[in-house]
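A.B. asks: Sequence below, structure please.
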Amino acid sequence: MLFTHSANLKILPRYLLKHHHITCPCQLNLRRMMNSMCCATPNGLKVTVEDSKCLQANAFIQAEIFQEFTIKDDLVGFQVNLTVLLDCLNIFGGSAVPGVSTALRMCYVGYGYPLTLFLEEGGVVTVCKINTQEPDEPIDFEFCSSNVTNKVILQSESLKEAFSELDMTSEVLQITMSPNQPYFRLSTFGNSGNAHYDYPKDSDMMELFQCTKTQMNRYKMTLLKPSTKALALSCKVSVRTDSRGFLSLQYLVRNDDGQICFVEYYCCPDEEVEEEGS
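C.D. replies: Below is the predicted model of the structure:
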C-alpha cells in the first residue's frame, strides 16, 4: 500500500488512467490564477478557481469515478497552489509508450498537513507533498435556476466549430439569445472584422432551446478562453444567462469508461448591449 497512516481524504482512480485523464478534471487552463480551492464530500471532489472576481471555474468529480474514495468527515476543504498541483500531476510528462499509464493516489490528513500525491508509472513511484492553506470563501455569483432567463444545450462539436471560425483576436465575445431570430448567435469584433455564428433553434446540434427574452451581452475573451480546455474534452455544453446577463457554461465530460464529470464556468458580463433597432 502506498499510503498507510490515517487520512481524512484518500482518493485512488478507478483504474490506471492515461496521464492526461488524471489531470483533465482539474486542469482548467487557469495557471495564472494562483490558488485552487478543493472541497471533498462523500459525493466527490470539487475544485474551484477564480479570477479577478469576474470568473469562477468549478470542476465536479463524482466519487464513483475513483477506484477508492474515502472521507472521514462530511466536508474536507483546503487550498493549494494551482500551478504546483498541475506541475506535480504532469511530473511524468505523459507516457508515449502504448499500454503504459500513470496511476495516482491523493491523500490529505487534515488542517496544517500537506496534500500528498503518489504517482506511479512503469514501476516508478514519485511522491509529491504540496503545502495547503485554509480555503478562501468562494465568490457567490448568486446564479440560481429561478433567475435563468435563457438556456440552450448544444453538442460540443458545434461550439468548437464556431470558435474555430470566429475571430479570437476580438476583445469580447457577444452572445445573443432570443425567442426570435437569430435565436442563438455568437459574435466577435477582431482584426479581421465582425463575425457572426448563428444557430437555428431547430438545428440538429441544438438539444435544448429555452429562450424567453432577447438578451445581448458581451464577455471578455480573456475570461472565456480558459474554458476552451474543458470544451475540447466535453461532449455537451449548457449555455445559460440570468436576468443580470451573468453567463454559465457547463461542460459535460465523459471519460473512457463512460463516467461523467462536470466543469462549470460563471462569468460576469463586460457590458450590456442595446438590442438592435431599439
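A.B. asks: low-scoring stretches of the protein, by residue?
C.D. replies: 1-33, 94-100, 271-278 (pLDDT under 70).
A.B. asks: Which residue ranges of the stretch 151-278 of the chain form strands?
C.D. replies: Here the stretch 151-278 of the chain has its strands, by DSSP state E, counting those that start in this stretch, at 172-177, 184-190, 193-199, 206-211, 215-220, 234-242, 247-254, 260-267, 271-272.
A.B. asks: Out of the ones you listed, which gets nearest to Val84?
C.D. replies: Val84 sits nearest to strand 260-267 of all those, at 20.6 Å, using C-beta to C-beta. C-beta coordinates here come from the backbone N, C-alpha and C atoms, glycine included.
A.B. asks: Run me through the strand neighbours of the closest one, direction for each.
C.D. replies: strand 55-62 (antiparallel), strand 247-254 (antiparallel) (DSSP bridges).
A.B. asks: buried set for the first one?
C.D. replies: Translated: strand 55-62. The neighbour-count check on strand 55-62 (16 or more other C-beta atoms under 10 Å) flags Leu55, Gln56, Ala57, Asn58, Ala59, Phe60, Ile61 as buried.
A.B. asks: Could you point out the helix or strand that follows it?
C.D. replies: strand 66-71 (DSSP states H and E).
A.B. asks: any idea which helix or strand comes after that following strand?
C.D. replies: Assignment by DSSP H and E places the next element after strand 66-71 at strand 76-81.
A.B. asks: Tabulate the strands paired with strand 260-267 in a markdown table, adding columns for distance to Val76.
C.D. replies: Listed next are the strands paired with strand 260-267 as a markdown table, based on distance: least, C-beta to C-beta, whole Å:
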| stretch | distance to Val76 |
| --- | --- |
| strand 55-62 | 14 |
| strand 247-254 | 23 |
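A.B. asks: Out of those strands, flag the one nearest Ala40.
C.D. replies: strand 55-62 (9.5 Å).
A.B. asks: just how off-centre is that closest one within its chain?
C.D. replies: Counting by C-alpha atoms, centre = their mean, to the nearest Å, strand 55-62 is centred 5 Å from the centre of its parent chain.
A.B. asks: quick one, phi psi at the closest residue to Thr41 other than its chain neighbours?
C.D. replies: Computed as C-beta to C-beta, 6 or more residues apart in numbering, the closest residue to Thr41 that is not its neighbour in sequence is Leu75, at 5.7 Å. Note on Leu75: its backbone torsions stand at phi -150, psi 130 [degrees, to the nearest 10].
A.B. asks: Please verify my assumption that Leu75 contacts Pro42.
C.D. replies: No. Under the criterion of C-beta atoms under 8 Å, Leu75 is not in contact with Pro42, lying 9.2 Å apart.
A.B. asks: rewinding a little: can you convert the strands of the stretch 151-278 of the chain into a markdown table and add a column each for mean neighbour count and distance to Thr228?
C.D. replies: Listed next are the strands of the stretch 151-278 of the chain as a markdown table, based on neighbours: other C-beta atoms under 10 Å; distance: least, C-beta to C-beta, whole Å:
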| stretch | mean neighbour count | distance to Thr228 |
| --- | --- | --- |
| strand 172-177 | 22 | 11 |
| strand 184-190 | 19 | 13 |
| strand 193-199 | 15 | 15 |
| strand 206-211 | 16 | 20 |
| strand 215-220 | 20 | 13 |
| strand 234-242 | 20 | 10 |
| strand 247-254 | 20 | 10 |
| strand 260-267 | 21 | 11 |
| strand 271-272 | 12 | 22 |
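A.B. asks: Any idea which of those gets closest to Phe118?
C.D. replies: Nearest of the strands of the stretch 151-278 of the chain (C-beta to C-beta): strand 260-267, 21.5 Å.
A.B. asks: Alright, I will stop here.
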